[in-house]
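*Asks:* A predicted structure for the sequence below; I have some questions about it.
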Amino acid sequence: MKKFILPTLTLFALAPTAAMAKDQRFEHEGRVYSYTVEQADGYRVISGVEEKTGKPFKLRVGDHRVRGTVGSQQVSFPLRDVEPLAKVTILASR
């Protein structure tokens, strides 16, 4: 699951809050993801879906840790484990 989660976080977990709360899409390794990023209770919340399979994800990004779900699986890992992606295509930002 980290292979899926890390691209999302790398791109958007550390982005400025002013650019948040928009519907956005990106493509990574042939998969297209739609998501929104919002602030809630001091956390950045990334919610979305992998468009082909409909698999939802919801991640709560704190100062040091990421927790959430991908499909029905719970995930949790340190934010320091997030690494930059070599190639990602931004499809849209509304």
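*Replies:* Received it, and whenever you're ready, just let me know what you need.
*Asks:* immediately after the lowest-mean-pLDDT helix or strand in the chain, which helix or strand?
*Replies:* Every helix and strand in the chain was compared by mean pLDDT, DSSP states H and E; the lowest is helix 2-12, with a mean of 50. The element immediately downstream of helix 2-12 (helix or strand, assigned by DSSP states H and E) is strand 24-28.
*Asks:* So for that following strand, mean pLDDT?
*Replies:* The average pLDDT for strand 24-28 rounds to 80.
*Asks:* cool, stretch 42-56 as well?
*Replies:* pLDDT averaged over stretch 42-56 gives 91.
*Asks:* Go through that stretch and flag the buried ones.
*Replies:* Neighbour-count burial for stretch 42-56, counted by 16 or more other C-beta atoms under 10 Å, picks out 44-46, 48, 50, 55. Placement of C-beta: from N, CA and C, glycine included.
*Asks:* Please identify which two of the residues you listed are farthest apart in space.
*Replies:* Maximum pairwise distance among the buried residues of stretch 42-56 (C-beta to C-beta): 20.6 Å, between 44 and 55.
*Asks:* So residue 25 sits against residue 32, correct?
*Replies:* Yes: here residue 25 lies in contact with residue 32, judged by C-beta atoms under 8 Å, at a distance of 6.1 Å.
*Asks:* Sheet-wise, list the partners of the longest strand along the chain with their directions.
*Replies:* Using DSSP state E to define each element, the chain has its longest strand at strand 31-40. Partner strands for strand 31-40, per DSSP bridges, with pairing direction: strand 24-28 (antiparallel), strand 43-50 (antiparallel).
*Asks:* Could you dump these into a markdown table with distance to residue 73 added?
*Replies:* Formatted as a markdown table, those follow (distance: least, C-beta to C-beta, whole Å):
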| stretch | distance to residue 73 |
| --- | --- |
| strand 24-28 | 19 |
| strand 43-50 | 13 |
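*Asks:* Mind checking those strands for the one nearest to residue 62?
*Replies:* Short answer: strand 43-50, nearest of the strands paired with strand 31-40 by C-beta to C-beta, at 5.6 Å.
*Asks:* Give the partner strands of the helix or strand following the closest one in its sheet and their orientations.
*Replies:* With elements assigned by DSSP H and E, the helix or strand that comes after strand 43-50 is strand 56-61. Strand 56-61 has the following strand partners under DSSP bridges: strand 43-50 (antiparallel), strand 65-70 (antiparallel).
*Asks:* Appreciated, that's everything.
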